[in-house]
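Student: Starting from these lines, generate the structure:
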Amino acid sequence: MRPWIDRYLKRLKETGSPHTLRAYAMSLGLLAAYCEKEGVAKPPQITHRVLRGFLVELNGRGLAKSSVARYIAAVRSFTRFLAREGVIDADPARALRSPSPRRPLPLHLGEEDVSRLIEAAGTPRDRAILETLYGGGLRVSELVGLDRDDVRDGVARVRGKGRKERLAPLGRTATAAIEAYVAARPRASDPRPLFLNAKGRRLTDRSVHRLLKACARKAGLDPRTKPHTLRHSFATHLLDRGADLREVQELLGHASIATTQIYTHVSMERLKKVYERAHPRA
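Tutor: Here you go, the predicted structure:
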């Protein structure tokens, strides 16, 4: 078994990252050890039942579902390789179901915390950045990609994932902040971008991350606060105030409603806390 694992890892080294190579090598090392224990000496002896037994052993170790899922992903990749090489007739991992890791609830801020964060902005530009992230629910890549001509009458033309365009309402507060910034900003070496750095060039994602970290620290907020935290807050606050899930999906630019549904869990967690705090029999 191990010579075929070594051959697979050698092939993976040509296309995979060092991190993936290390993770897959560890996962397949566990598979090889399990096969040796069960008397499975050659790849053709790897059956669906063998892999089910391996999965049971992983689960019996008390590993997190996300860890088990990573191990199974490595096994699937290995058995596909064996099938392509003609070492086995059929892929025994095709019908193997790995556990679905529980998606963690996204960090979001309360409405008062968002206000504190924005008040911590030290310049018109920084305030406009925070107002736009929260007012439009934008990704940081969408924010830095905005040109001046993209914002008109309180609406931004946003280029999202896959260069798909959507129109994002910004609201009066964000629009006013952008107008104040544009009126006060210095001459730009590139006049097209909306948000500029100190050299008059387009702002970068990294600069926005540093800005959020500094403002969160100044406002005494969770140090994990990032640009995407404002996007999460945008969606959560809309749902809390009665917005429809489909409407929030469109505003966020999600291709699937399943991606947006995570925010219903956030709102439900908040409602549970309200219930536990307020109901006499909670």
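
Student: Low-confidence ranges, the stretch 1-150 of the chain, go.
Tutor: Applying pLDDT under 70 to the stretch 1-150 of the chain picks out residues 98-105.

Student: How many neighbouring residues does residue 147 have?
Tutor: 16 (other C-beta atoms under 10 Å). C-beta here means a position set from N, CA and C on the backbone, and glycine is covered the same way.

Student: Can you name the residues that contact the nearest residue in space to it that is not next to it in sequence?
Tutor: Distance criterion C-beta to C-beta, 6 or more residues apart in numbering; nearest residue to residue 147, sequence neighbours excluded, is residue 192 at 4.8 Å. Residues near residue 192 by C-beta atoms under 8 Å, 6 or more residues apart in numbering: 147-149, 202.

Student: same thing with residue 89?
Tutor: Neighbours of residue 89 in contact, by C-beta under 8 Å, 6+ apart: 44, 83.

Student: how about the residue nearest to residue 260 when sequence neighbours are not counted, secondary structure?
Tutor: The shortest distance from residue 260 to any non-neighbouring residue, by C-beta to C-beta, 6+ apart, is to residue 249 (4.2 Å). Secondary structure, DSSP: H, G, I helix; E, B strand; the rest coil: residue 249 is helix.

Student: Could you report the distance from residue 137 to residue 95?
Tutor: Using C-beta to C-beta, to the nearest Å, residue 137 is found at 39 Å from residue 95.

Student: who has more neighbours, those two?
Tutor: Taking neighbours as other C-beta under 10 Å, residue 137 and residue 95 compare with residue 137 leading, 24 against 9.

Student: is it true that the more buried one touches residue 249?
Tutor: No - Residue 137 lies out of contact with residue 249 (C-beta atoms under 8 Å); the separation is 11.0 Å.

Student: Helices along the stretch 101-250 of the chain, start to end?
Tutor: Secondary structure of the stretch 101-250 of the chain (DSSP state H, counting those that start in this stretch): helices at 111-119, 124-136, 140-144, 171-184, 205-219, 227-240, 245-252.

Student: okay, the ones you listed, which one's buried deepest?
Tutor: Most buried of the helices of the stretch 101-250 of the chain, by mean neighbour count (mean count of other C-beta atoms under 10 Å): helix 124-136, with a mean of 25.

Student: Residues contacting that helix, please?
Tutor: Taking C-beta under 8 Å, 6+ apart as the rule, helix 124-136 contacts 114, 117-118, 121, 138, 140, 143, 146, 156, 158, 168-171, 173-175, 177-178, 180-181, 184-185, 195-196, 203, 208, 211-212, 215, 227, 230-231, 233-234.

Student: ranges for the strands of the protein?
Tutor: 151-152, 155-159, 165-169 (DSSP state E).

Student: Pop the domain breakdown of the protein in here.
Tutor: Split into domains by automatic domain parsing, the chain comes to 2-84, 111-278.

Student: now do the same end-to-end measure for the last one.
Tutor: Read it as domain 111-278. Using C-alpha to C-alpha, to the nearest Å, one end of domain 111-278 lies 20 Å from the other.

Student: From the chain's centroid, how far away is it?
Tutor: How far domain 111-278 lies from its chain's middle: 15 Å, per C-alpha atoms, centre = their mean, to the nearest Å.

Student: now do the shortest one
Tutor: Domain 2-84 sits 26 Å away from the centroid of its parent chain (C-alpha atoms, centre = their mean).

Student: was I right about residue 46 contacting residue 38?
Tutor: No - the pair residue 46 and residue 38 fails to qualify as a contact (C-beta under 8 Å) at a distance of 10.1 Å.

Student: Please say which of the two ends up with more neighbours.
Tutor: Comparing residue 46 with residue 38 by other C-beta under 10 Å, the one with more neighbours is residue 46, at 24 against 14.
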